[in-house]
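1. Using only what follows, build the 3D model:
(4 chains)
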There are 2 protein chains.
Amino acid sequence: MSCQCGHDGWTGEKTVSKPKNGTVAAPVLRHHTVTSADVAREAGVARSTVSRCLSGDSRISEATRDRVVATAERLGYQINKIARSMNTRKSDLIGLVTSGLSDPFRVEFLDHLIAAIQQAGFRPLVIDVSDPALMETSMLNLLQYQIAGIVVTSGSPPPAIGQHFLRRDVPVVLVNRAGLLEGADVINCDNIAGGQLAAEILLASGKRRLGFLNMRGGTYSGNARGEAFVAAIAPELASGAVSFTPLSCNSADYDGGFQAGLKFLGKENAPDAIFCGKDHIALGLMDAARFELGLKVPDDLAIVGFDDIVAAGQRAYRLTTIAQSPARLAALTIGRLKQRIAGEVIRDERLILPVELVRRETV
Amino acid sequence: MSCQCGHDGWTGEKTVSKPKNGTVAAPVLRHHTVTSADVAREAGVARSTVSRCLSGDSRISEATRDRVVATAERLGYQINKIARSMNTRKSDLIGLVTSGLSDPFRVEFLDHLIAAIQQAGFRPLVIDVSDPALMETSMLNLLQYQIAGIVVTSGSPPPAIGQHFLRRDVPVVLVNRAGLLEGADVINCDNIAGGQLAAEILLASGKRRLGFLNMRGGTYSGNARGEAFVAAIAPELASGAVSFTPLSCNSADYDGGFQAGLKFLGKENAPDAIFCGKDHIALGLMDAARFELGLKVPDDLAIVGFDDIVAAGQRAYRLTTIAQSPARLAALTIGRLKQRIAGEVIRDERLILPVELVRRETV
DNA sequence: TTGTATGCGTTATCAA
DNA sequence: TTGATAACGCATACAA
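-> Residues are numbered from 1 along each chain as shown, chains lettered A, B, ... in the order given. This next block holds a predicted model:
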C-alpha cells in the first residue's frame, strides 16, 4: 500500500537512533499524520466542512460530501478522536471495572458486554481492581479519559464516589453488585428466586443435611443467594425435618470448593446436599467428593450450583444449577448506558433478571 | 463528600429535561470540570507550573510542588489525559486485539497482560475482531485514539497494515500468531518443541495408532504443533511401527473435541493416542471417549493437550499436556512494548518461549 | 525556579 | 450550504 497523500508527504527526517546495548539504528522514514486540514486542502474546502461531512451532519450538499469522503479515504485519513473529545468533552470509551479474569461467569458476561459495547459504537477500556483498596482511585482515574460511562462488575464502589460521576454526567451501571451507589443503575439476576429454586430441588431430593457453601465473608450476590436458601428451608428446619450448616471456603473458585470438600465432607453427619454460591465452587466440591472421598454424586451428595457457566454443562460434570443469562445481562447494561449517554434523564433503576433451574445430574 | 472548589463553583444550570415515556425530570446541579487553570488560580501559580508539578518535572521548588499538589488534591483535580494526548500525540492506551473470550488460554493470557499493562502505567483498550474481515478496519480505528501500542492475540493482520503503525511509531506485538507483519515483534511459545514432546511421550506409551486433532483448517500455532508432531514420529511412521491419522474438528473448543470424539473414536482401528492442538479440544475429546463411548483413558486412548489451561489440572480431567506460561508471555509482551514506546529503536524480534511437558494421567 | 505564549486537531459558533 | 474563527485543557519553548 503506497502513500497517496497529496501534501508535502514524507518529512524525510529519520528517527533518532539512541544506541544502546543490543539496539540497532534503523533508519525509518517518518510521515506526518494526516489531519482534517490535509483533507480540506486537498478537497478544496474548509476544515469545518470536512468535520461536518465525516460526522454525518445533514446540512451539507451531496456533492461536497462525496468529494470530501473520497478525499479522506484516498489520504487514509483517520479522525483523531482525542481531539474530538477535546471539544465534546466526551469520548466513546466505556470503563469496565473488573477484577481479573478468573471468574468464569464474569468472563462470559464480559465477552457479551464487550461485543455489545462495540456494536453500540463504543470502546471498552478495561480497568482491573484486583486490589479492592484501589477501586476508588481507579474509578476516578477513568475520568481522566472523559469516558462516557462505567460498568462495575466487581467490588462495590463507595457511595461517595457516585457524586464525581453524576456531576459530570457519567452514568454508572452496577452488575450483580450491591446497589449502594446513589445515582447508579443496578442490574442483578434474581438471587432470591435462585436460592428458593435451589432449596426446593434439594428438599425434594429427600436429603436431610443441607449446607450452603460460599466464600468466607461472602459477596453481595452470594450472601443474597444463601439467605434466600435459608429462608426457603425455614419451615423444614423448624420442624426438624432437615438440618442446615453454613460452610465457607477460602476462595470463590474451583480450588476453594475442592478444599472445602476435603474439609467438610466424608465424616460423620457431613452434609448430603450442598448449594454453592457459584458454579466454580461447586465443581471443585464435586471433584473432591467424587475423586478424593469416593462419594457418589448425587447419591451420597447432591450439589446445586449457580450461574450455569459453560463448564457446568460439560460431560464430566453435568452440574445441576441455577442459570442466569450473561447475554441478557449485557444487553440490558448497554441499553441502559446508551439511554443515559444519549442524554435521557431517567430514574435510577434496579433491574432483576429471571433465573432458571437447569436440572442435570447432580441432584 | 462536599464540593471544595474555590472558584465560582456550581453553574446552577439544570440538565435539560427531555420528557419521554417513562423518563422523569431530575433536576441535577451540574458542575464545571476542575482544570489545571482552577488549580493554578487557587494555588496562586501559573498553569504551566501546575503542569510541571503534576508531571514530576524536577526543576520546581519543593514548596511550590507541595502547595500545588495539595491544592489539586483538595479540588479533586483529575488531569485530562485527552488534552494531554493532544500535545504529546501519544496516549497511554494499549490496544488489545482479541476475538471473544471463549478460548481459555487466551483469557488466562489476557488476565496477566491486563495486569501487566496497568502495572506499567498503561490502559488496555480491548478490541474484538470476532469477524476476521473487520480486523484491518478495527486495527486502523485504534489509531483514532493515538494508542501507544497494540497487542494482537487473534487473527493475523495483513502485512500492509503494518505500514500505518510503523509510520506513526506505534509498536505492534503479535502473540502466538504467524509473524507476517513486517516491523512487528513476534512472541511465540515453542510449538516445535511442544509437538516433539507430545510425540515422544505418546511413542513411549506404546500406542500404535496416533492422531493429531485440531480445528479444520487450523491456526498458525495449531499447524506448527501438528507438523512438529508428525516430523517427530517420522522414523516410526516410515518403519511401520506406528500409523498416523490427521483429524479435524469444527471448532477449537470443548464441543469441537467432543463431536470429533464421537465421530472418530469407538470404531475399528480408531486412533489410540491423540495429540490435540489445544487443551480445550482435548477435554471435549476425553469426555466423549470416557462418557459416551466407554473408553478408558489412558488405557484405550491416550491424550495429550497443549497450553495447560487451569481446567486441565482439575481432578475430573488430569490432562497430560504441553504447558506454556501466560505470565511469561505477558511479561515479555509488555516489556517489549515499553522499550518501543520509550523510543528505543530495536530490531524486530521473534521470541520463542520454552514449553514443558506436564505429565498427568491421560498418557 | 517560574511565568507567558503558542500549538495540538477537532467541533461549535457565528457570519456570509 | 459553506467558511472563518474561537474554544477545549494541556505541555512546552522561550523569556524572565
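2. any chance you could map the helices in the stretch 151-300 of chain A?
-> For the stretch 151-300 of chain A, the helices defined by DSSP state H, counting those that start in this stretch occupy A:161-167, A:191-204, A:220-232, A:234-238, A:254-264, A:279-287.
3. Next, the buried residues of the shortest one.
-> Along helix A:234-238, these residues count as buried under the neighbour rule (16 or more other Cβ atoms under 10 Å in any protein chain shown): A:Glu236. Yep, even glycine has a C-beta here, placed from its N, CA and C like the rest.
4. Contacts for that helix next, please.
-> Helix A:234-238 is contacted by residues A:203, A:230, A:242-244 when judged by Cβ atoms under 8 Å, 6 or more residues apart in numbering or on different chains.
5. From these, list the buried ones, please.
-> A:203, A:230, A:242, A:244.
6. Show me the two of those residues that sit farthest apart.
-> A:Leu203 and A:Val230 (12.3 Å; Cβ to Cβ).
7. how about A:Leu213, what does it touch?
-> By Cβ under 8 Å, 6+ apart, the neighbours of A:Leu213 are A:247-249, A:257, A:260, A:264, A:274-277, A:281-282, A:285.
8. let's see it at 6 Å
-> Contacts here follow Cβ atoms under 6 Å, 6 or more residues apart in numbering or on different chains; on that basis A:Leu213 touches A:247, A:260, A:274, A:276.
9. that older thread, nearest to DNA strand C, out of the buried ones among the contacts of helix A:234-238: which one, please.
-> A:Val230 (54.2 Å; Cβ to the nearest atom of the strand).
10. how close does the closest one sit to chain B?
-> Separation of A:Val230 from chain B (Cβ to the nearest Cβ, to the nearest Å): 29 Å.
11. Read off the pLDDT value for the residue lying closest to that residue once chain neighbours are set aside.
-> Nearest residue to A:Val230, sequence neighbours excluded (Cβ to Cβ, 6 or more residues apart in numbering or on different chains): A:Phe244, at 6.5 Å. What the model reports as pLDDT for A:Phe244 is 98.
12. what does A:Cys5 give?
-> Taking A:Cys5 on its own, its pLDDT is 38.
13. next one: A:Arg89
-> 88.
14. Now it: phi and psi?
-> Main-chain dihedrals, A:Arg89, degrees, to the nearest 10: phi 60, psi 20.
15. Tell me how many other residues crowd it.
-> 12 (other Cβ atoms under 10 Å in any protein chain shown).
16. gap between it and A:Gln146?
-> Distance, A:Arg89 to A:Gln146, by Cβ to Cβ, to the nearest Å: 6 Å.
17. and if you look at A:Pro159?
-> A:Pro159 is 23 Å from A:Gln146, by Cβ to Cβ.
18. Now do the strands in the stretch 201-350 of chain A.
-> With DSSP state E, counting those that start in this stretch as the definition, the stretch 201-350 of chain A shows strands at residue ranges A:209-215, A:243-249, A:273-276, A:302-307, A:320-323, A:350-353.
19. Within the sheet, what are the partner strands of the last one, with directions?
-> Looking at strand A:350-353 with DSSP bridges, its partner strands are strand A:185-189 (parallel).
20. And the contacts of the strand it pairs with?
-> Contacting residues not belonging to strand A:185-189 are listed as A:173-176, A:179, A:324, A:332, A:336, A:348-353, A:355 [Cβ under 6 Å, 6+ apart].
21. Can you report phi and psi for whichever residue of the stretch 151-300 of chain A sits closest to DNA strand C?
-> Nearest to DNA strand C, among the residues of the stretch 151-300 of chain A, is A:Asp169, at 14.7 Å (Cβ to the nearest atom of the strand). Main-chain dihedrals, A:Asp169, degrees, to the nearest 10: phi 60, psi 30.
22. The nearest residue to A:Ala193 once chain neighbours are set aside - how many residues pack around it?
-> Spatial nearest neighbour of A:Ala193, excluding adjacent residues (Cβ to Cβ, 6+ apart): A:Val355 at 5.6 Å. Neighbour count for A:Val355, taken as other Cβ under 10 Å: 25.
23. Looks like A:Val355 contacts A:Ile322 (just checking).
-> Yes - shown here, A:Val355 and A:Ile322 form a contact pair, counting by Cβ atoms under 6 Å, at 5.0 Å.
24. Now do the shared contacts for those two.
-> Common contact partners of A:Val355 and A:Ile322 (Cβ under 6 Å, 6+ apart): A:Gly194.
25. Tell me how far the residue in the stretch 101-250 of chain A that DNA strand C sits nearest to lies from A:Arg168.
-> Going by Cβ to the nearest atom of the strand, DNA strand C is nearest to A:Gln146 of the stretch 101-250 of chain A, at 12.2 Å. Look at A:Gln146 and A:Arg168: by Cβ to Cβ, they are 9 Å apart.
26. of those two, who's got more company?
-> Remark: of A:Gln146 and A:Arg168, A:Gln146 carries more neighbours, 23 against 17, as counted by other Cβ under 10 Å.
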